[in-house]
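Participant: Need the 3D shape of this:
(chains A, B, C and D, ligands or ions: 4)
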Amino acid sequence: MTITGQEGDRKAGTLAAEYGLADADLLAMYRTMALARALDERMWLLNRSGRAPFVISGQGHEGAQVGIAWPLRRDHDWVAPFYRSIATCLVVGMTPRDVMLAQFARASDPSSGGRQMPGHYGHPGHHVVSVSSPVATQILHAVGIALASRIRGLDQVAMAIMGEGSSNQGDVHEGLNFAAIHRLPMVLVIENNGYAISVPAARELSVRDVADRASGYGIPGVVVDGTDVLACYTASREAVDRARRGEGPTLIEAKVTRLTGHSSDDQQSKYRSESELAEGLTHDPLPIFRAQLREAGVLDEAAEAAIATDVKASVEGATSFAEAAPDPEPAGAMDHVFGDPAAGEPPPPWHPTPGGASGSGGGLGA
Amino acid sequence: MTITGQEGDRKAGTLAAEYGLADADLLAMYRTMALARALDERMWLLNRSGRAPFVISGQGHEGAQVGIAWPLRRDHDWVAPFYRSIATCLVVGMTPRDVMLAQFARASDPSSGGRQMPGHYGHPGHHVVSVSSPVATQILHAVGIALASRIRGLDQVAMAIMGEGSSNQGDVHEGLNFAAIHRLPMVLVIENNGYAISVPAARELSVRDVADRASGYGIPGVVVDGTDVLACYTASREAVDRARRGEGPTLIEAKVTRLTGHSSDDQQSKYRSESELAEGLTHDPLPIFRAQLREAGVLDEAAEAAIATDVKASVEGATSFAEAAPDPEPAGAMDHVFGDPAAGEPPPPWHPTPGGASGSGGGLGA
Amino acid sequence: MTVRTFIEAVREGMAQEMRRDASVIVLGEDVGKKGGVFLATDGLWAEFGDDRVIDTPLTESMIVGTSIGAALNGLRPIAEIQFADFIFPAFNQLVSEAARMRYRTIGASCVPMVVRAPYGGGVHGAMYHSQSVEAFFTHIPGIKTVVPSTPYDAKGLLVAAIRDEDPVLFLEHKKLYRSVRGDVPGGEYTVPIGRAVVRRPGRRLTVVAYGLMVHYALEAAEKVADEGIDCEVVDLRSLRPLDRETLLGSVRKTGKCLVVYEDNRFGGYGAEIAAIVAEEAFDYLDGPVSRIAGPDSPAMPYNHILEDWFMLNPAKIADAIRKLAAY
Amino acid sequence: MTVRTFIEAVREGMAQEMRRDASVIVLGEDVGKKGGVFLATDGLWAEFGDDRVIDTPLTESMIVGTSIGAALNGLRPIAEIQFADFIFPAFNQLVSEAARMRYRTIGASCVPMVVRAPYGGGVHGAMYHSQSVEAFFTHIPGIKTVVPSTPYDAKGLLVAAIRDEDPVLFLEHKKLYRSVRGDVPGGEYTVPIGRAVVRRPGRRLTVVAYGLMVHYALEAAEKVADEGIDCEVVDLRSLRPLDRETLLGSVRKTGKCLVVYEDNRFGGYGAEIAAIVAEEAFDYLDGPVSRIAGPDSPAMPYNHILEDWFMLNPAKIADAIRKLAAY
Ligand SMILES: Cc1ncc(C[n+]2csc(CCOP(=O)(O)OP(=O)(O)O)c2C)c(N)n1
Ligand SMILES: Cc1ncc(C[n+]2csc(CCOP(=O)(O)OP(=O)(O)O)c2C)c(N)n1
Ligand SMILES: [Mg+2]
Ligand SMILES: [Mg+2]
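Facilitator: Ligands and ions are numbered 1, 2, ... in the order given. Model prediction:
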């Protein structure tokens, strides 16, 4: 099927249509990846110039992140991401300013008001669960969110995201089992970059594919190439749809490359050879997706340049905004340890509406 | 192949030979099962007559326990059992007195000197790791024992045993993964009786067979019928041999029936129907094995009676011995919180002997 | 008012809140058909069904972690940990996640969740079914810890905990479940978290206790009253937040303070109480702030002789009172 | 004697013991090729190989549980927990298993294992890379907890811990790793677990501290010395077992006691120290046993202004000394 594009390109729309998307979606996906990358690179520059003591980044993971987050319904479905999830957070509604405010740990950082390290994103408004440092705990939060979605009849899907090293934590076993027993609307995404800091996959995992774990819970396990953004999108859409239909969780494993050290505190040359690092560069999802979109006629040079300019301005704007934003005051440092007791008023009760899924027949016992 | 037995039985030896065993082994296995059962029944009698406040038993599990423990090398290989493992502990060298001393919580109870609840067996001499109450922790102890066996070149296999409910704990995931990565000489045995106290398998496990979990670690997973003692023996022998050959862990799942309530504190009629309980009785391994041995000509009426008499005497003897044994003294209640510091003497160092596996080539890196 | 056992009061508190608010759910091991190993949730499954009374797999970290997630998405979970001794696999979820969610989101997210756990000894539970775990949790900012001693407080504090916007650890002494009865209003009421109560007024010496130990302290106070030692017994009820006013007010009046706790002595919750009193009531003290607590052995042994050796009782507490009174 | 940094002393202690005794192994996340995120195990993998320096998966419960098993079967594992903040997933294995093995087997089994964990704040580690965790573990009978403050003690206590027949939690303050240097003998020696040391003799007031806080306390003592306040600084080193004699001896001499700890104040380890002093040195006290500690917020915030707000420092300690001295 060939569709003639507005700019006279013979192929425009073909690629998008194959995936049930529009060209505008593909461009938006590309833009989000480019934006995540540019923000990330800016963080490292800030770090090297002494303006940001710590950076942890998602370089190499952006293709998987954008493809996989794309099928989520914004501000409705939930994500419980991890510290590399910059692109994921951008997809679901966080802004470059939000990212940079976290990087500079400013008072107006919506993730934590400067209380957490950079990279520990969170945004209840966009249904992004606050990232903590202990890895893998978030799978259980996603499972609980999915449980509440089911019980309250909210039709939401919850997605938990983590690295392959983190997938070996006990919480992952416990969470997948419970989600599978109750067929909860949950998706577990593993971004497998082959390392947990310096420990290579062969020392962290007894199987090649984390997705092999899925069969032990009777759920589908899917491996996708994290440089193939649209394959990631498809795998995720199927998992999200399946979850929403009440058929239970899916485990998606995206094979990605970590293009940077683990964090700004890590020297990866100590444990990865030069040739391995060079090979890794060939798995950078950004040029691969760019080439795919060019090839498909979705992206021409002008569009690419426009996006680049736009991204650059966005990063500049976010950086200078955040850098100029005020630091938190010690006076507020004891705020939010506990909530204010609501002066004896009991919280308003909730009851299911007749149409809700938690009425007769739709619940856990089904 | 037909061998004429001493008592003129045409078939004697046939069954045993099929499994690479002698008739004497089969009789010893039967005797151990019968002994475990008789001890167990006695505990309930003691409980009902107010002489033992708490009982937790292995009734229904004995066939799997005896068959699976049988291939272990006594006082060489290790077991990390659980609270139903009476028969397991008897196989590897613990005595009826040891069991009853634990039941009465006497000072001379070798498991814990009366400090733990009954059923919390342990015996370092026989390489039985002390059972604690929090479930599933013991898998990691078995993994560590297997690691030490490998590093020290000791050729020991470590077997961890627990229920299917416990297999859902995070420690199991973490332990299987590590053991599989390093192909440690370890066997995980799951005695699946379909319940974790009152919670039925369908609410505890998202798969029918716990053995399905094995593939997620790249290790063999085997399901055996726990009423088929010799099938259990075979599965275990293969797993133990495999472990000893350095080929790594195996997960064995034995399907068994819990013939009693969870413990003397539980009323199982509240959550199990009469028909289910009646059906359960048909899976009692003791009469099944007895019939098999009779059919095979290994056990005749006289031998059965002799074993019964012997078992009865053993239980009587152990019970009266243990009941009469002294209670621990409060004066010693603070002993063994910490060890006595060895007066400045450093512990004697250990170094591998040239033939040991931890010399060049045999270790973890291989 | 009806006379109820402690466990009946707990059950009634849950049932009433579940009727009032469909976002309240119960989850844990054996909480469904069986009604919990102590029958605290007996009848709830029959009334509220599979959706709201969930028999979970044997996985404490999952029970707590999933409750956190459910609380983030509009439910008010009551998680039952079968025995307080088995809360440790969930420690990371409690410390790192539940307790910090509000702080690390500058108040944008919160975790209205109750974790109920039967604790305490003297019930032949041995090393792993007898423990007091409050010291681990009262040290954690962001979690509230509550230990009722009467049926009235059990219901009222539980309802307050369920309605609270923060995670509350609700510890129920196993030995109180059926041994203690008291008047419990049939209707809705709350006992506010964070307020201690003076159970027995007195002038000579303050005894501070919580949970089962309140009853033992009261018995001990009766014993020594005949000898002319007039004790005031303070029931803390809420270990964190702590009611400093009631505590310090009492000690400033009596001049002497004995802290009673069943847990191992070293580093137990009573250490904090003693430290506060020693610092903030120093000028009023006419004797050392004293503690009587469990011995520093790793948990309570099973054998009944050793259990008696471990457990505090009114006689041991009375001795400690006499010693301090004679100072 | 060679001048070494704190972390060099830790590394040397491990290397020497590994040479002396092949049953000593090291395991943890990134301890191999990378040499640990702080480089504490740097070079060990090259020298001792894959068998004895094991890069584990990211699973703390496994690291500790497997070490327990290995210790039961003849090894002496040194487990590294990458940051003390990540020890909580292993809490159950530590409390329920490591700490109780000896007691529950009436001495027949024991767990000679060291768990090393970098702890403490002031290094821009934020909420989950700054915590002090000692209060949770010092409450547990059956585990020893050691916190060295100097390179000499770091090596000597670590060697003692490795040779100990019981589990030892060995806490290393991250901020000391490279900032503190000192003489360290090249040969074998041990510093016995269970002995405190007076770092600065004085007569007017006792300051009790451990880890990084010892250095801050000494700086504070210098500050106030000019004002005529002569402080004695006691470095506990071993938090459990505790050297009561040195502690109480000092306070009985000075009559005043300030307990310094970096952790959250409420229910922290210093509460036990304060409670012991308040009870056992009561007759000698001429001022309230006082504490200065971290605020009761859920862990240390990241932003440097908030981090400074959270962290103790010599100036804050000096103020507390002045206040107590003036009492
Ligand atoms: C419970 C816990 N243990 C250790 C760490 C320290 N740590 C942070 S990230 C990391 C490696 C994570 O690897 P992986 O899950 O593969 O994610 P990646 O960083 O490779 O994307 C480790 C060990 C932690 N954050 N939490
Ligand atoms: C960590 C932990 N949580 C809860 C318990 C209480 N408990 C004891 S046995 C048991 C059920 C175990 O079921 P399963 O593993 O299937 O073994 P079974 O008793 O059926 O043989 C439970 C919940 C415990 N001992 N440990
Ligand atoms: Mg990774
Ligand atoms: Mg079972």
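Participant: does chain D sit close to the helix or strand hosting A:Val311?
Facilitator: A:Val311 is located in helix A:301-324, with elements delineated by DSSP states H and E. No - Helix A:301-324 stays clear of chain D (Cβ under 8 Å from any Cβ of the partner chain), getting no nearer than 12.6 Å. C-beta: built from backbone N, CA, C; applies to glycine.
Participant: Residues of chain A that sit close to ligand 1?
Facilitator: By Cβ under 6 Å from any ligand atom, the part of chain A that sits against ligand 1 consists of A:84, A:133-135, A:162-166, A:193, A:195-197, A:258, A:262.
Participant: 8 Å instead, please
Facilitator: A:56, A:61, A:82-84, A:133-137, A:162-167, A:169, A:191-197, A:199, A:204, A:258, A:262-263 (Cβ under 8 Å from any ligand atom).
Participant: and chain C, which of those reach it?
Facilitator: Counting by Cβ under 8 Å from any Cβ, A:133-134, A:137 from these sit close to chain C.
Participant: now those residues as CSV including pLDDT?
Facilitator: Formatted as CSV, these follow (pLDDT from 0 to 100):
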residue, pLDDT
A:Ser133, 98
A:Pro134, 98
A:Thr137, 98
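Participant: Among these, which ones lie close to chain D?
Facilitator: Near chain D, by the rule Cβ under 8 Å from any Cβ, you find A:133-134 out of those.
Participant: Highest neighbour count among the ones next to chain C among the residues of chain A next to ligand 1?
Facilitator: Compared across these, A:Thr137 has the highest neighbour count, 28 neighbours, by other Cβ atoms under 10 Å in any protein chain shown.
Participant: how far away is that residue from A:Val210?
Facilitator: According to Cβ to Cβ, to the nearest Å, A:Thr137 stands 18 Å off from A:Val210.
Participant: again with A:Phe178
Facilitator: Distance of A:Phe178 to A:Val210, computed by Cβ to Cβ: 18 Å.
Participant: Please say which of the two ends up with more neighbours.
Facilitator: The neighbour comparison of A:Phe178 against A:Val210 (other Cβ under 10 Å) goes to A:Phe178, with 32 against 29.
Participant: my guess is the more buried one contacts A:Val143, does it?
Facilitator: Yes - the pair A:Phe178 / A:Val143 is scored as a contact, 5.9 Å apart, by Cβ atoms under 8 Å.
Participant: what touches both of those two?
Facilitator: A:184, C:62, C:66 (Cβ atoms under 8 Å, 6 or more residues apart in numbering or on different chains).
Participant: Buried among those residues? Need that as a selection in PyMOL.
Facilitator: Buried residues within the shared contacts of A:Phe178 and A:Val143, by 16 or more other Cβ atoms under 10 Å in any protein chain shown, are selected in PyMOL with:
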select buried, (chain A and resi 184) or (chain C and resi 62+66)
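Participant: of the shared contacts of A:Phe178 and A:Val143, closest to ligand 4?
Facilitator: For these, the minimum distance to ligand 4 (Cβ to the ion) is 17.2 Å, reached by C:Met62.
Participant: What does the closest one show for phi and psi?
Facilitator: The phi/psi pair for C:Met62 (degrees, to the nearest 10) reads phi -60, psi -40.
Participant: now do the one 10 residues further on
Facilitator: The main-chain torsion angles of C:Leu72 are listed as degrees, to the nearest 10 and equal phi -70, psi -20.
Participant: Same question for A:Ala278.
Facilitator: Per degrees, to the nearest 10, the backbone of A:Ala278 is at phi -70, psi -40.
Participant: Could you pull up the residues touching the residue in the stretch 101-250 of chain C positioned nearest to ligand 3?
Facilitator: Ligand 3 sits closest to C:Arg104 of the stretch 101-250 of chain C, with a gap of 23.4 Å, by Cβ to the ion. Going by Cβ under 8 Å, 6+ apart, C:Arg104 touches A:112, A:115-116, A:120, A:122, A:130, A:132, D:127, D:298.
Participant: restrict those residues to contacts with chain C.
Facilitator: Among those, chain C is touched by A:112, A:115-116, A:120, A:122, A:130, A:132, D:127, D:298 when using Cβ under 8 Å from any Cβ.
Participant: ok, these vs C:Phe266, which is closest?
Facilitator: Comparing the ones next to chain C among the contacts of C:Arg104 against C:Phe266 with Cβ to Cβ places D:Pro298 closest, at 24.7 Å.
Participant: State the distance from the closest one to B:Ala331.
Facilitator: Taken as Cβ to Cβ, the span from D:Pro298 to B:Ala331 is 44 Å.
Participant: who has more neighbours, these two?
Facilitator: Counted by other Cβ under 10 Å, D:Pro298 and B:Ala331 do not tie: D:Pro298 has more neighbours, with 24 against 8.
Participant: State the distance from the residue in the stretch 1-150 of chain C positioned nearest to ligand 4 to B:Ile252.
Facilitator: At 8.8 Å from ligand 4, C:Leu58 is the closest residue in the stretch 1-150 of chain C, using Cβ to the ion. Separation of C:Leu58 from B:Ile252 (Cβ to Cβ): 20 Å.
Participant: likewise C:Asp308?
Facilitator: Counting by Cβ to Cβ - C:Asp308 and B:Ile252 are separated by 43 Å.
Participant: Looking at the two, which has the bigger crowd around it?
Facilitator: Neighbour count, other Cβ under 10 Å: between C:Asp308 and B:Ile252, B:Ile252 has more, with 27 against 12.
Participant: which SSE is the more buried one in?
Facilitator: strand B:250-255.
Participant: Relative to that strand, what are the paired strands and their orientations?
Facilitator: Sheet pairing of strand B:250-255 (DSSP bridges) gives strand B:186-192 (parallel), strand B:221-225 (parallel).
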